[in-house]
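Peer 1: heads up, no residue letters with this:
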Ligand code: PGA
């Protein structure tokens with residue numbers, strides 16, 4: 001089954017409203033004639049609404065970087081799935097290593113700060129279910145730490161995350177899902193996972209989906225690679241048979257770089 005490649009920009013904590021709208025306008029122009037690749041941008045919460053207005057009627061889709069699972073109530077600081085749906089979000093990133101509490105950075109101070117978020121697989125599973133209830137497609141992130149890779153545990157770690165994060169989904173939901181394989185050691189480091197190995201692990205993820213939800217879900221689910229994807233390495237990654245797109249951090253902040261990555265998927 002031919003799966004449509006999906007290239008998503010994870011802007012993290014970057015861009016004011018003005019900067020976000022500028023970048024979106026530039027991307028709308030530069031990717032206008034691109035067909036056969038789905039393009040998604042995930043700005044920070046403060047820029048989501050203006051971003052949705054800038055994207056109205058355009059070919060680029062909008063995603064958020066997080067949500068909470070309750071629909072409303074006394075949850076100071078949290079954002080409900082229905083609120084994201086209301087402003088036109090089609091996707092939401094869930095379980096990114098920067099919110100999971102799986103950071104594996106070499107900087108102890110930074111690690112300490114990041115670990116305050118500490119999402120567990122159960123948290124991620126609740127968020128995935130809540131996204132589906134609201135009609136938003138989750139982009140579920142998984143990936144191993146450097147020590148886990150060195151210890152030969154990559155496949156077990158990734159399988160364990162997928163099994164826990166997707167527990168209780170229907171096979172139809174699993175079929176429509178996007179999973180991002182993001183080895184933690186490759187995120188923001190400039191150290192990309194080589195393409196055949198990224199392809200192999202994406203294959204392990206697909207097999208896990210097959211065991212849990214059957215062949216239709218496994219052949220339909222889109223598995224992205226993420227971690228230091230740049231214009232000079234994206235083509236090889238995006239043409240691997242098990243890799244159906246990319247989740248791009250740093251290189252999604254510049255219109256030229258993100259456009260080049262999108263076009264390299266063709
Ligand atoms: P990066 O980030 O492309 O800057 O490595 C990817 C991500 O964290 O999704």
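Peer 2: Great, that's in hand. Small disclaimer: the values here were computed from a predicted structure and weren't measured.
Peer 1: Residue 180 - that's part of a strand, no?
Peer 2: Yes. Using DSSP: H, G, I helix; E, B strand; the rest coil, the assignment for residue 180 is a strand.
Peer 1: and it, how many residues sit next to it?
Peer 2: A count of nearby residues for residue 180, using other CB atoms under 10 Å, gives 27. Where you see a C-beta, it was placed from the backbone N, CA and C, and this is true even at glycine.
Peer 1: hang on, isn't it packed against residue 225?
Peer 2: Yes. Here residue 180 lies in contact with residue 225, judged by CB atoms under 8 Å, at a distance of 7.4 Å.
Peer 1: Now do the contacts for residue 46.
Peer 2: By CB atoms under 8 Å, 6 or more residues apart in numbering, the residues touching residue 46 are 16, 17.
Peer 1: cool, and the one 3 residues further on?
Peer 2: Taking CB under 8 Å, 6+ apart as the definition of contact, the neighbours of residue 49 are residue 87.
Peer 1: Mind checking what secondary structure it has?
Peer 2: Of the three states, residue 49 takes helix according to three-state DSSP.
Peer 1: what about stretch 228-245 and the ligand, any contact?
Peer 2: Yes. Using CB under 6 Å from any ligand atom, stretch 228-245 reaches the ligand at 228, 229.
Peer 1: separation between residue 137 and residue 236?
Peer 2: 26 Å (CB to CB, to the nearest Å).
Peer 1: quick one: which of the two has more around it?
Peer 2: More crowded of residue 137 and residue 236, by other CB under 10 Å: residue 137, with 20 against 16.
Peer 1: Would you mind confirming that that one is in contact with residue 173?
Peer 2: No. Residue 137 lies out of contact with residue 173 (CB under 8 Å); the separation is 9.3 Å.
Peer 1: count of residues packed around residue 51?
Peer 2: Residue 51 has 27 nearby residues by other CB under 10 Å.
Peer 1: And the pLDDT for it?
Peer 2: We have a pLDDT of 98 for residue 51.
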